[in-house]
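*Asks:* what's the 3D shape of this:
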Amino acid sequence: MIEQKNISVGLDIGTTKIVAMIGCKNEFGKLEILGIGKAKSMGVKRGVVNNITQTIQSIQQAVEEAESVSGQKIEDVVVGIAGQHIRSLHHSDYITREDADKVIEEVDIDELISQVHKLVMLPGEEIIHVLPQDFKVDSQEQIKEPIGMYGGRLEANFHVVVGQVSSIKNIGRCVKSAGLDLSEITLEPLASAAAVLSQEEKEAGVALIDIGGGTTDLAIFKDGIIRHTAVIPFGGNVITEDIKEGCSIIEKQAELLKIKFGSAWPGENKENEIVSIPGLRGREPKEITLKNLSRIIHARVTEIIEQVYLEIKNYGHETQKGKLIAGIVLTGGGAQVKHLKQLVEYITGMDTRIGYPNEHLAGDSDEGLSSPSFATAVGLLMEGLSKQEKFGPTATAQESASDSTSASSGETLEETPLASDEEAATSSKPKKSVFQHFSDRFREFLDNAE
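*Replies:* Numbers count the residues shown, from 1 in each chain. Model prediction:
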């Protein structure tokens, strides 16, 4: 059995399925998937938990399956967050430093980021991520890394991701009630991006479109930095719903039709191509033309892509400075619809490819794992492993130890006191990542719940 410190678990709580993926890094730095568990997601609609009990059961089912395949015991997980409640905004802020003759340190950036966290949001909203774009020191602009420079006024542009407090809390509640510790929480488009995008693409400018069951997530990168995120409340399930209504068949049959015969390009099918579907309880079988099926899919996919393209234009893709040279990368389960790549290129006029997470997987991995529908789970697993590398197994072990003591003494995670930001900053721990800051804040936020 592999030592606990070397493995990590990604938990993708989606609208269609819940995936638990256990893995570790091999000697070549590639991901070795030790086990994967899937369960039908019953209590999630459009990325938001709407039935706690069913979601807990689905999480437990996925985790148990992953445990039995891998022979590992799962204790803590890295969870993804998405859903129609996620929105993003741009904000600029500054601090005036007391001593301009001292160089700018990590503490100054932390102070600036924590100042942004104090922004007043709409009622019921919480800041999830504060992602610095570029810095300005005194009058010098467009600085990527201000640490080590001299200056009295430190200013920065931020990309702020905001979500609903109740939705975030519900995910935390489901994970804890399923008997797991939440080691970290990450925005799902960022996890998918880690799994399918190359650094060159992020530098050149790329839009990642993750078409899930309930939502379509967008993440735009330029100069290696995330510039824009958005969640469109439509996904593959809406296409299935349209087929169900348009062909008067049940959902299960509509889903099968979409996967087996669906195409986003109606011109591909001839008029006489027909598929026969068995009728219910002795009724006559139904005959559906593939051309008609493609028309239904085409109409809905076009609507989704046009909404995404509007977001890309809002970001400023048509300006010289914001041009996305690497075009579009499609991933997620919905990216597997036939001829989708051609349709996206036709609508947007941008270069498009399908994103597979196989680049980071070990050579002997199961072929099914490199499907676009597992991109988020692979990304979450990578996030967990890179966190362990950064902070060492001791930090993770200490966290899980403190978590387990709180659990064994009959307390819940909410009652565990957390170190303040100042203590964290002055301690000799390695430099914290943006995600680490966020997961600390998230735990703090769960502490204050109830």
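*Asks:* hey, let's count contacts and neighbours off CA atoms from now on
*Replies:* Will do.
*Asks:* quick one: what helix or strand has Leu218 in it?
*Replies:* Take DSSP states H and E as the rule and Leu218 turns out to sit in strand 216-222.
*Asks:* Tell me which residues are up against that strand.
*Replies:* Residues external to strand 216-222 that are found in contact with it (C-alpha atoms under 8 Å, 6 or more residues apart in numbering): 82, 188-190, 193, 202-211, 226-235, 304, 308, 312, 322, 324.
*Asks:* Could you identify the buried members of the residues you listed?
*Replies:* Buried subset of those (neighbour count, 16 or more other C-alpha atoms under 10 Å): 82, 188-190, 193, 202-211, 226-235, 304, 308, 312, 322, 324.
*Asks:* so what's the residue nearest the centre of the chain up against?
*Replies:* With distances taken as C-alpha atoms, centre = their mean, the chain has Glu188 as the residue nearest its mean C-alpha position (0.6 Å). Applying C-alpha under 8 Å, 6+ apart to Glu188 gives the contacts 80-82, 217, 376, 380.
*Asks:* give me that answer again for 6 Å
*Replies:* Contacts for Glu188 (C-alpha atoms under 6 Å, 6 or more residues apart in numbering) come out as 80-82.
*Asks:* In strands, which of these fall?
*Replies:* 80-81 (DSSP state E).
*Asks:* from the contacts of Glu188, which single one is nearest Leu361?
*Replies:* Checking those against Leu361 by C-alpha to C-alpha gives Gly80 as the nearest, at 19.5 Å.
*Asks:* Tell me if I'm right that the closest one and Thr186 touch.
*Replies:* Yes: contact criterion C-alpha atoms under 6 Å: Gly80 and Thr186 qualify, at 4.9 Å.
*Asks:* ok, back up a step: name the strands paired with the strand holding Leu218 and say parallel or antiparallel.
*Replies:* strand 206-211 (antiparallel), strand 225-232 (antiparallel) (DSSP bridges).
*Asks:* any idea which of those scores lowest on pLDDT?
*Replies:* If you rank the strands paired with strand 216-222 by mean pLDDT, strand 225-232 sits at the bottom with a mean of 88.
*Asks:* how far is that strand from where the chain is centred?
*Replies:* 11 Å (C-alpha atoms, centre = their mean, to the nearest Å).
*Asks:* hmm, who's touching that strand?
*Replies:* So strand 225-232 is contacted by 84, 215-221 (C-alpha under 6 Å, 6+ apart).
*Asks:* again, only using 7 Å
*Replies:* Under the contact criterion C-alpha atoms under 7 Å, 6 or more residues apart in numbering, strand 225-232 has outside partners 83-84, 86-88, 133, 159, 215-221, 315.
*Asks:* Over to stretch 377-396?
*Replies:* Contacts of stretch 377-396 (C-alpha under 7 Å, 6+ apart): 5, 8-12, 19, 21, 23, 78-80, 191-192, 194-195, 357, 430.
*Asks:* Going by neighbour count, list what's buried in that stretch.
*Replies:* Buried residues in stretch 377-396, counting neighbours by 16+ other C-alpha under 10 Å, are found at 377-385, 387-388, 392, 396.
*Asks:* And for stretch 305-324?
*Replies:* For stretch 305-324, by 16+ other C-alpha under 10 Å, it's 305, 308-309, 311-312, 315, 317, 322-324.
*Asks:* The helix or strand hosting His129 - which strands sit beside it in the sheet, and in what orientation?
*Replies:* Element membership for His129 (DSSP H and E) is strand 125-137. Take DSSP bridges as the rule and strand 125-137 pairs in its sheet with strand 140-143 (antiparallel), strand 153-164 (antiparallel).
*Asks:* isn't Gln61 right up against Ala39?
*Replies:* Yes: using C-alpha atoms under 7 Å, Gln61 is in contact with Ala39, at 6.1 Å.
*Asks:* what is the rounded mean pLDDT of stretch 240-259?
*Replies:* 92.
*Asks:* So which residues of the stretch 251-400 of the chain form helices?
*Replies:* 251-261, 290-315, 340-348, 375-408 (DSSP state H, counting those that start in this stretch).
*Asks:* Just after the helix or strand hosting Glu32, pick out the following helix or strand.
*Replies:* Element membership for Glu32 (DSSP H and E) is strand 31-40. Note on strand 31-40: by DSSP H and E, the next helix or strand toward the C-terminus is strand 44-45.
*Asks:* From the chain's centroid, how far away is that next one?
*Replies:* With C-alpha atoms, centre = their mean, you get 15 Å for strand 44-45.
*Asks:* Over to stretch 237-256?
*Replies:* Worked out by C-alpha atoms, centre = their mean, stretch 237-256 lies 27 Å from the chain centre.
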